[in-house]
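K.L.:
Here is a sequence with its predicted model. Questions after.
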Amino acid sequence: MEQRTDDVTDGKRDLAPSGAPSDPPPFTVGHDDRPRERREPARRPPPSEELLELLHDVLRAVRRDATERLGHDITPGQLRLLRTLDRLGRPQRLGELAAVLDVAPRSVTSKVDHAEADGWIRRVPDPRDRRATLVELTEEGHDLLETVSAQRHEGVRARLEVLDADEQRTLLELLRRVALAPDDAVAPPPPSPAPNSSFGGDSPA
């Protein structure tokens, strides 16, 4: 009997019944199915970088804790203004404050306005020039700084209590060694000489 050529492919008879679905196409990797590259584990920062990050995190947490305990709506910039006035120890002109704080005079004026409205500082005439104005801390401002300082110490004490007494002594001793390292031990290395750009390394004639 004559064999039908449409039932034969590559010399093999197609055994699939009529109307049956054909074999699925070979599997291809689509755009969303491409194998993902293995991600490298997170790089551990060098000790110097990690120390800076940890110190920053601790100080930020202490400031946040103190602000929450204090309950005053005072910004870090305002606190810095009050602490600067307290450290300078005498009334200051706005221009002098701006120079010490390294900010624009307009920024100092805004902070002084808010602090004066809250009763923490006051404006007084400059005895050397009646046309000029000085700013100084009020008693309420001094009290606020003392309260903030006490709250910060309380926050630090609470965080230190996660360590036992021996661990606290070890931590403080290591920090003292880092903070009090002699200058010659932490001085940067001298700069390396610039490479000679002349051919063959010889100095120009």
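P.N.:
Alright, I've got the coordinates.
K.L.:
which residues in the protein form helices?
P.N.:
With DSSP state H as the criterion, the chain has helices at 47-70, 76-88, 94-101, 105-117, 139-160, 165-179, 183-186.
K.L.:
Between those helices, which one is closest to R123.
P.N.:
With Cβ to Cβ as the measure, helix 105-117 is the member of these nearest R123 (6.6 Å). C-betas here are computed from N, CA, C, even on glycine.
K.L.:
The closest one - what's its average pLDDT?
P.N.:
Confidence for helix 105-117, expressed as mean pLDDT, is 91.
K.L.:
next one: stretch 54-61
P.N.:
Across stretch 54-61, the average pLDDT comes to 88.
K.L.:
Could you count how many residues lie near the residue nearest to L85 when sequence neighbours are not counted?
P.N.:
Nearest in space to L85, with sequence neighbours left out and distances taken as Cβ to Cβ, 6 or more residues apart in numbering, is L137 at 5.1 Å. Neighbour count for L137, taken as other Cβ atoms under 10 Å: 22.
K.L.:
Please apply the same query to E140.
P.N.:
Using other Cβ under 10 Å, E140 has 13 neighbouring residues.
K.L.:
Can you verify my assumption that it contacts E116?
P.N.:
No: counting by Cβ atoms under 8 Å, E140 stays clear of E116, with 11.0 Å between them.
K.L.:
D126: how many residues sit nearby?
P.N.:
For D126, the neighbour count with other Cβ under 10 Å is 14.
K.L.:
Now do the same contact list for the closest residue to it other than its chain neighbours.
P.N.:
Leaving aside its sequence neighbours, D126 sits nearest to A132 (Cβ to Cβ, 6+ apart; 3.9 Å). A132 makes contacts with R93, P125, D126, as judged by Cβ atoms under 8 Å, 6 or more residues apart in numbering.
K.L.:
now the first one: how far from R44?
P.N.:
Which is R93. 49 Å (Cβ to Cβ, to the nearest Å).
K.L.:
quick one, which of these two is more surrounded?
P.N.:
R93 (17 against 8).
K.L.:
quick one: the residue nearest to L85 and R87 touch, right?
P.N.:
No: counting by Cβ under 8 Å, L137 does not reach R87; the two are 10.6 Å apart.
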